[in-house]
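> coordinates only, sequence not included:
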C-alpha cells in the first residue's frame, strides 16, 4: 500500500470568500454543524426537515408542497429536475448564453432529450419575444432558463412573460436560481415557474452539499404521467418527497449535519427578512461597482441586467489573471474567481453573496485590488 | 405564503446511535465541521482532497488511482458505480438476498441493464460455486454483490473466489461495502474487486453525505470504451476524477465541510489502525451477542456469517416492535432500528459501528433492553 501523508491538524487558511460560491458561513451556522447527529428517521430530525421545507417555501416564495433540498450540490439539483421531467425523446428548448445554460442543455441530452438550443453570446440575456417565437417552432416538453448566470453575471429579466409564453405553448419552465436564491427576488408562485433549483452555499450561506428544489403542479403531473421511472434513483423527487413527508419512507441516509446547517442559515435569512436582504445585496453591489470603476475597471454586464450577487469586471489590459488572483489569495487571503469558457482570462468573477456580502469585505477587496493593480499608488 | 414555524434554537435530543447508521460522530470530527470554509478550488482545499484520497486508499486497501468520495450518500455511491459501468442493454447478474442487493438490481434496471437476479432468501449469503454456475449461463458485463447486507446482518464470505469466477467469465465485480468499510476487513486489491463503494456515516463515523468509491483498471477501461457518456453528469466518475487530480477541472462545488469531517474521521481510523479497529468491532460485537442471548434473544444470522457491525436479533414473541424502540428512544435516548421488507417486525437492527462501537454503549443497550423487555427483573 502507498505510504500515507503527514496527517497534520486540519488548518486551512482563513479565506475571505468573494468568488462565485461558496460564500462564508456565519458562526451560528458553523456551530450548528457541530451538533451531535440524530438518526435520519428520528422524530427530532424529521421535525428539522419540516422546518427546512417551510423555510424553503419562504425563500422560494411558493406554496408548492414538493419543496425540499436534494442531498447533493446545485448540480445535483439541476440533474434532479431534468432527470425527473425529461424522458428519452422529449423535446427541450434550452436557452444558452453561458456555462450553466449550456450545462442544462448537455445534461438534458444525457437524459435522452432532443435539445434545441436558443443560443446567445455569453453575457447576453433573452427577450421574451425571442423565446415565444422559438417555442412556436416545435412542441417542447420543457424549456430551461438561467435566472442568474454564474459564468457571466447576467440577470435574466421578464421571467413572468417567459413563463406565460412557455405555458401557452404547452411547455414547462425550468429555472436555475442557483446564484439568485436568497440574494435577489425569486418568486416561484407569482412568476408561475414550474420547477426551480438552487444551491445551499451561495446567497443562503449554508455549507455546500444541498440543493433546494421546488416543483409545481404541472411538473408533478408530468412525473406522474411518465412512461418509465426517473432514470436516477438517488435523485427521484417523488421518492425523496415520500421520505420528507408522511409516511417518511426510507430512501437514503440524509446528510444530517448539512441539514442542521441549512436550517440555521435559513433561519438567519428569515430573521433578516427577504426585502432587507435583497436591499443589502443591491446596496453593497453598487458600492463595489463604483469602487471598481474608480480603479479603472469596466463591467462586462450593463447595469440593467447586472447581477448584484456576482460582478464580472473585465481584466485591465496587460494584467496576468492568475498572478493577480494568486496575490490576492496569498497576501490578503481573498478569493475571487477567474472567468471560464468563453470568458477565461477576460473577466473576474466577484461574488457578494449572503454572509460574504458585507461592507468590510467590499472595502478590503477594493484596497487589495488597488494595491495589486496600482502598486505605485498604494 | 404559508405561516412560518416557530424558529427555535437547534436542539435535537442527544441520541446514542446504535442503529444501522449514522453512527455517532467523534468530537474531533464535529469540531472539524465547524472550520471556516475555503473555496472548492483553493490550493488548501485541493490538498485536503488529496489527503482524503490517500486515506481512502488506505481504508480500501488499494492503490487504485480513481479513489475518491462522491458528493452524496452511500446510495449515490451505488448509483455512481452502476451508472458509469452500465450501458443500456448490458447484462448484469445481481446477487440479491436483502434490501440492498435488490436495490442494486432495480437501480441497474433504471439505467437500462438487462438484469438477472441470483435470488436467495433474506439473510442468506452466496456460495462461490453457485455464482460461478450462474455466470456461465450468459455473458454478463458485471455482477453485483453486497459484502455486508444492512437489511439482514449477513456477512458475505468468499469474495476472492467470487471475483476470480467473475473475471474468468469476463464480468466485473461490483461490491457494496457500505456497512463493512472501516469496521471489518475490506481488501480491494488483494481480493481483485473492480469497483466498490461505501458510506461516510457508518463504520467511518464521519457525517453522512459522502460516498467513498474506488475503481480498478478493468472498470476504468470499461468506462473509456463506453459508446455513450455516463447517463448521470453529477455522478460521472471520470469527471469527478478530473476535479480531484490535476488539472482540477471544475465539475461541481464540493461539499467543503463534509470533506473537513471525512478527513478528520479517516485520520482517526488511521491513528487507531485497521487491525485494532477491526478487533474492537469483533470484541464488542461478541459481548453484545452474549448479552442479547442472556436476555433470551436469538440471532437471525449464524455466527459464521454474522456481521460484527450490524446484529439482527429476532424479536421475542409477543413484543410490540415500535413500542420497544419508542421506549428505548424516549427513556434512554437510544436508537436501534427495526427490520424492513421481508424482516419488518421480525428483527431489530443493532449497529456497533465506528465511534458508536464502545463498551459503555453495549452495557447501556443491554441494561435498557432488559429494563424494557423484562421490567419485573430490573
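Great, that's in hand. None of the values given here were measured: they were computed from a predicted structure.

> so residue A:297 lies in a strand, does it not?
No: counting by DSSP: H, G, I helix; E, B strand; the rest coil, residue A:297 is not found in a strand; it is coil.

> I'd guessed it sits against residue A:313; true?
Yes: contact criterion Cβ atoms under 8 Å: residue A:297 and residue A:313 qualify, at 4.1 Å. In this view, the C-beta of every residue, glycine as well, is placed from N, C-alpha and C.

> more neighbours, these two?
residue A:313 (23 against 19; other Cβ atoms under 10 Å in any protein chain shown).

> now for that one: which residues touch it?
If a contact means Cβ atoms under 8 Å, 6 or more residues apart in numbering or on different chains, then residue A:313 has A:292, A:297-300, A:347-348, A:350 as its contacts.

> that one and residue A:153: what is the separation?
9 Å (Cβ to Cβ, to the nearest Å).

> how about the stretch 101-250 of chain A: which residue is closest to chain B?
Residue nearest to chain B within the stretch 101-250 of chain A (Cβ to the nearest Cβ): residue A:209, separated by 3.3 Å.

> helix, strand, or coil at residue A:212?
Residue A:212 falls in the strand class when you classify it by three-state DSSP.

> tally of neighbours for the nearest residue to it once chain neighbours are set aside?
Among residues not flanking residue A:212 along the chain, residue A:198 sits closest, at 4.6 Å (Cβ to Cβ, 6 or more residues apart in numbering or on different chains). Residues lying near residue A:198 (other Cβ under 10 Å) number 32.

> how near is residue A:315 to residue A:345?
Taking Cβ to Cβ, one finds residue A:315 at 7 Å from residue A:345.

> could you do residue A:107 as well?
Distance, residue A:107 to residue A:345, using Cβ to Cβ: 26 Å.

> show me which of the two is the more surrounded one.
residue A:107 (24 against 12).

> any chance you could list what contacts the helix or strand where that one lies?
Element membership of residue A:107, judged by DSSP states H and E, is helix A:99-110. Under the contact criterion Cβ under 8 Å, 6+ apart, helix A:99-110 has outside partners A:75, A:78-79, A:82, A:86, A:92, A:94-96, A:115, A:117, A:122, A:144-146, A:149-152, A:174, A:176, A:178, A:340-341, B:229-233.

> re the thing from before, list the contacts for the residue nearest to the residue of the stretch 101-250 of chain A closest to chain B when sequence neighbours are not counted?
Excluding the flanking residues, the one nearest residue A:209 by Cβ to Cβ, 6+ apart is residue B:255, at 3.3 Å. Residue B:255 sits next to A:73, A:207-209, A:258, B:71, B:209-210 when contact means Cβ under 8 Å, 6+ apart.

> cool, and residue A:149?
Contacts of residue A:149 (Cβ under 8 Å, 6+ apart): A:97-101, A:156, A:179, A:307.

> and the residues you listed, which are buried?
Among the contacts of residue A:149, those classed as buried by 16 or more other Cβ atoms under 10 Å in any protein chain shown are A:97-101, A:156, A:179, A:307.

> Serialize those residues to CSV and add fields for pLDDT.
Listed next are the buried ones among the contacts of residue A:149 as CSV, based on pLDDT from 0 to 100:
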residue, pLDDT
A:97, 98
A:98, 97
A:99, 97
A:100, 98
A:101, 98
A:156, 98
A:179, 98
A:307, 98
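
> make CSV out of the residues you listed and add distance to residue B:189.
Below are the buried ones among the contacts of residue A:149 laid out as CSV (distance: Cβ to Cβ, whole Å):
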residue, distance to residue B:189
A:97, 47
A:98, 43
A:99, 38
A:100, 39
A:101, 43
A:156, 50
A:179, 43
A:307, 49
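
> tell me the pLDDT of the residue nearest to the spatial centre of chain A.
When Cα atoms, centre = their mean is applied to chain A, the residue found nearest the centroid is residue A:178 (1.3 Å). pLDDT for residue A:178: 98.

> equivalent analysis for the one 10 residues further on, please.
At residue A:188, the model reports a pLDDT of 98.

> show me what counts as buried in stretch A:54-71.
By neighbour count on 16+ other Cβ under 10 Å, the buried set for stretch A:54-71 is A:54-62, A:64-71.

> so which of those sit within strands?
A:66-70 (DSSP state E).

> out of the residues you listed, who's nearest residue A:276?
Checking these against residue A:276 with Cβ to Cβ, the nearest one is residue A:67 at 22.6 Å.

> so that closest one bridges to which residues?
For residue A:67, the beta-bridge partners are residue A:214 (DSSP bridges).

> residue A:169 contacts residue A:136, correct?
Yes: with contacts counted by Cβ under 8 Å, residue A:169 reaches residue A:136, the gap being 6.5 Å.
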